[in-house]
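Enquirer: whatever this is, show me its structure:
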Amino acid sequence: MTDTFQLTVNGTQVEVTCDRDTPLLYVLRNHLGLKGTRFGCGVGLCGACNVIIDGRTVYSCDTPLWSVAGQAIRTVEGLAGSPVQRMFLEEQAAQCGYCVSGIVMSATALLERNPKPDEREVRSALDNNLCRCGAHNRMVRAVMRAGEASS
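Expert: Residues are numbered from 1 along each chain as shown. Down below sits the predicted model:
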């Protein structure tokens, strides 16, 4: 059975008609054309699908659409030109890039809560994001520099 949902995605009101249990990830990618959010594991363990909902990082692959109706959803597309993205580029913090959108979302949520995190706090915030390329140290540097640039 399909329902119609009103969502706010990257500051824009959208209407989506689909099954209420459709994962948010599929709605973002398939209905709204926002391809920056990636499918990784599909069970909320790798962080490639992270988005920010009402200020918290959420795995979109296992978040049913009904549970986010009326909430503010941000995807990596909504962060264009942000300090985190700029510093990831400057630090060359992405290798293959597959995980980066989810990591950028985790980093952004951290910096919104704590604009000046120390290294331990950054590593903790990124702990639920898997990256197999070994760029973690550059990612941590990029997040710390983004915090410095934001103030």
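Enquirer: only C-alpha atoms from now on, for both contacts and neighbour counts.
Expert: OK.
Enquirer: helix, strand, or coil at Gln95?
Expert: Recorded secondary structure, Gln95: coil (DSSP: H, G, I helix; E, B strand; the rest coil).
Enquirer: what separates it from Trp66, distance-wise?
Expert: 35 Å (Cα to Cα, to the nearest Å).
Enquirer: the more surrounded of those two?
Expert: Higher neighbour count among Gln95 and Trp66: Trp66, with 17 against 13, using other Cα atoms under 10 Å.
Enquirer: tell me which residues of stretch 116-123 are tucked away?
Expert: Neighbour counts over stretch 116-123 (16 or more other Cα atoms under 10 Å) mark Lys116, Pro117, Val122, Arg123 as buried.
Enquirer: residue boundaries of the helices in the protein?
Expert: Taking DSSP state H as the test, the helices found in the chain are 24-26, 83-90, 100-113, 119-125, 136-150.
Enquirer: ok, the residue nearest to Val122 when sequence neighbours are not counted - contacts?
Expert: Leaving aside its sequence neighbours, Val122 sits nearest to Val140 (Cα to Cα, 6 or more residues apart in numbering; 6.3 Å). By Cα atoms under 8 Å, 6 or more residues apart in numbering, Val140 lies in contact with Glu119, Val122, Arg123.
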